[in-house]
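# how does the following fold in three dimensions:
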Amino acid sequence: MSCKASTGFRTRLLGRESVEDILGGGVMRVYSGAQPANADTEAGGLLLGTVTLGGWPWHGDDTGFGLHFRQAGIYTVNAPSAEPWTLRTVEPGTAGWFRLLAPEAVESADDASLSAARIDGSVGVAGSGADLILTAADLGLGQAVPIDSFTYVLLPYPGT
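Residues are numbered from 1 along each chain as shown. A predicted model of the protein is given here:
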């Protein structure tokens with residue numbers, strides 16, 4: 001597992017908001033290439049697609065097909081099993097990492113910020129130990145790829 005939380009996410013979490021309060025209704029973007037050194041920096045690699053509820057286009061209201069989270073343990077959240085998280089690809093390529101964005105960060109042009117709530121993590125297939133598990137890491141154009149699983153482990157001291 002290689003999730004890295006942004007300064008904005010850690011600040012809000014320490015302010016007693018839950019992961020669902022902060023990131024619920026947002027989206028996850030999947031990129032090719034190597035994961036950035038931290039979640040406060042600009043995204044690198046090619047944007048391969050976006051994960052939303054059912055793979056539908058995101059829009060910023062209550063029915064906007066944003067993602068939601070389920071507490072799976074004291075320090076763990078994951079994708080609710082009843083909600084079909086789906087990656088809709090816009091470019092072909094090999095998935096390397098993801099960036100999970102809070103709703104207010106989805107439409108922001110500022111991808112390198114200390115205030116935006118984001119989590120970056122690894123993408124892989126079953127057995128890889130990645131944070132986001134896909135059925136295949138090699139993606140084609142215009143695919144709808146169901147997410148096998150997603151897990152984020154909150155460290156006792158958020159900030160890695």
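# need phi/psi at the residue positioned nearest the centre of the chain.
In the chain, the C-alpha nearest the mean C-alpha coordinate belongs to Leu100, at 2.6 Å (C-alpha atoms, centre = their mean). Main-chain dihedrals, Leu100, degrees, to the nearest 10: phi -90, psi 130.
# gap between it and Ala116?
Distance, Leu100 to Ala116, by C-beta to C-beta, to the nearest Å: 11 Å. For glycine as for every other residue, the C-beta is placed from the backbone atoms N, C-alpha and C.
# again, but for Arg70
From Arg70 to Ala116 the distance is 23 Å (C-beta to C-beta).
# Tyr152 too?
17 Å.
# who are the contact partners of the nearest residue to Gln143 once chain neighbours are set aside?
Nearest non-adjacent residue to Gln143, counting by C-beta to C-beta, 6 or more residues apart in numbering: Thr89, 4.5 Å away. By C-beta atoms under 8 Å, 6 or more residues apart in numbering, the residues touching Thr89 are 48-49, 139-143, 145.
# can you give me the strands in the chain?
Using DSSP state E, the strands of the chain run over residues 4-5, 27-31, 47-53, 70-71, 76-78, 85-89, 93-94, 97-101, 118-125, 132-134, 138-139, 144-153.
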